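K.L.:
sharing a sequence plus its predicted fold:
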Amino acid sequence: MSEMVASQEMVQAKPGVREKAELGFGQEKTAVQLAGREAYWMAEAARQVADQGARIIDINMGCPAKKVTSSSGSGASGSALMKDLDHALTLIEAVVAAVNLPVTLKTRLGWDDDLLNAAELARRAEGAGVQMITIHGRTRCQFYKGRADWAAIRSVKDAVDIPVIANGDITDTGKARRALSLSGADGVMIGRGAQGRPWLLAQVAAEIYGTLPPVIPVGADLAELVAAHYDAVLSFYGKELGARVARKHLSWYMDEAGTPGALRKSVLTARDPETVFALLEPAMSQQSLAA
């Protein structure tokens, strides 16, 4: 799954935007998530990423960020589209018509507690050709506050025949099982819960399905994994931008490892990658000590 990609900026080749969609092209079932407000740009961006190797197009109608949902500039997209389902459907129809690929949809329960229209959007999206829908169990106005309402997702599941995926606050196997039970969903999507724990998805799946669990790295093995991730980010984005992008990932890894404050600060404020690489093993070894 790519990062969320602004459709108009993608087509107009704004620096750094196309790169967000390129990661993973050519791999099986690579998905590119598109956001936008205008059907023309959404369709053109869908065609472009399909031609470049995407295998799934995911439409974002769930992002709550103000810069995405505001009416200024290229905003009024993401979860703001839940305020105008007729317009939202024009975007879905345009993307479905533009590509011969599965099109999926990610959204929320509604704009606010007075506009809980996810089930209606799901019904109409299914009719327009969407093949799977993911629901974050909050409204846009909740952002990430409170708790995700997994039970509220059941109305969406009951409204459609396509697969429905439950999302929000799923951070371990117990919560995944409860989300599945309360929502009746066909699966769960883990987002923020995997920050600093990229093995979490495999771990939860193994525990639910009784398959072989992943090896969870600690100490030197964790440092090696983080170093490979850091190096890949630098290679993909370039040294300057990559260092900034990687900082949040390093922070999440150190949260999990229990890295002491002084060492953590040294890693996050280092100006050159060589220093970061040198600090990763002592920074990550705290996990094995804490265990």
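P.N.:
Noted; the coordinates are in hand.
K.L.:
could I get the phi/psi values of the most centrally placed residue in the chain?
P.N.:
The centroid of the chain falls nearest to residue 191 when counting by Cα atoms, centre = their mean (5.7 Å). Backbone torsions for residue 191, taken as degrees, to the nearest 10, come to phi -110, psi -90.
K.L.:
OK, contacts around it?
P.N.:
By Cβ atoms under 8 Å, 6 or more residues apart in numbering, the residues touching residue 191 are 167, 168. Quick note: C-beta positions are derived from backbone N, CA and C, even for glycine.
K.L.:
and residue 137, by the same measure?
P.N.:
Per Cβ under 8 Å, 6+ apart, neighbours of residue 137: 108-109, 148-150, 152-153, 166-169, 179, 183.
K.L.:
who touches stretch 235-247?
P.N.:
Against stretch 235-247 from outside (Cβ under 8 Å, 6+ apart): 16, 19, 23, 229, 230, 233, 234, 268, 273, 276.
K.L.:
what mean pLDDT would you report for stretch 162-170?
P.N.:
For stretch 162-170, the mean per-residue pLDDT is 98.
K.L.:
so how far is the first residue of that stretch from its last?
P.N.:
One end of stretch 162-170 to the other measures 22 Å (Cα to Cα, to the nearest Å).
K.L.:
which of the contacts of stretch 235-247 are buried?
P.N.:
Taking 16 or more other Cβ atoms under 10 Å as the criterion, what is buried in the contacts of stretch 235-247 is 230, 233, 234, 268, 273, 276.
K.L.:
now those residues as TSV including pLDDT, distance to residue 118 and secondary structure?
P.N.:
Shown next, in TSV, are the buried ones among the contacts of stretch 235-247 (pLDDT from 0 to 100; distance: Cβ to Cβ, whole Å; DSSP: H, G, I helix; E, B strand; the rest coil):
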residue	pLDDT	distance to residue 118	secondary structure
230	97	38	helix
233	92	34	helix
234	94	39	helix
268	96	38	helix
273	94	43	helix
276	96	42	helix
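K.L.:
tell me which two of those sit farthest apart.
P.N.:
Maximum pairwise distance in the buried ones among the contacts of stretch 235-247, criterion Cβ to Cβ, is 15.3 Å, between 234 and 268.
K.L.:
just to revisit the earlier point, who wins on neighbours among the contacts of residue 137?
P.N.:
residue 166 (31 neighbours; other Cβ atoms under 10 Å).
K.L.:
burial count for residue 7?
P.N.:
Neighbours around residue 7, by other Cβ under 10 Å: 30.
K.L.:
hang on, it packs against residue 36?
P.N.:
Yes: counting by Cβ atoms under 8 Å, residue 7 touches residue 36, with 3.5 Å between them.
K.L.:
any regions of this structure where pLDDT drops low?
P.N.:
Within the chain, the ranges that satisfy pLDDT under 70 run 23-28, 71-75, 286-291.
K.L.:
just the strands in it please.
P.N.:
Along the chain, counting by DSSP state E, strands occupy 4-6, 31-35, 56-61, 103-110, 132-139, 164-167, 187-189.
K.L.:
ok, which of those comes nearest residue 221?
P.N.:
Nearest to residue 221 among the strands of the chain is strand 187-189; the distance by Cβ to Cβ comes to 27.1 Å.
K.L.:
contact partners of that closest one?
P.N.:
Applying Cβ under 8 Å, 6+ apart, the external contacts of strand 187-189 come out as 134, 163, 165, 166, 167, 170, 176, 179, 180, 204.
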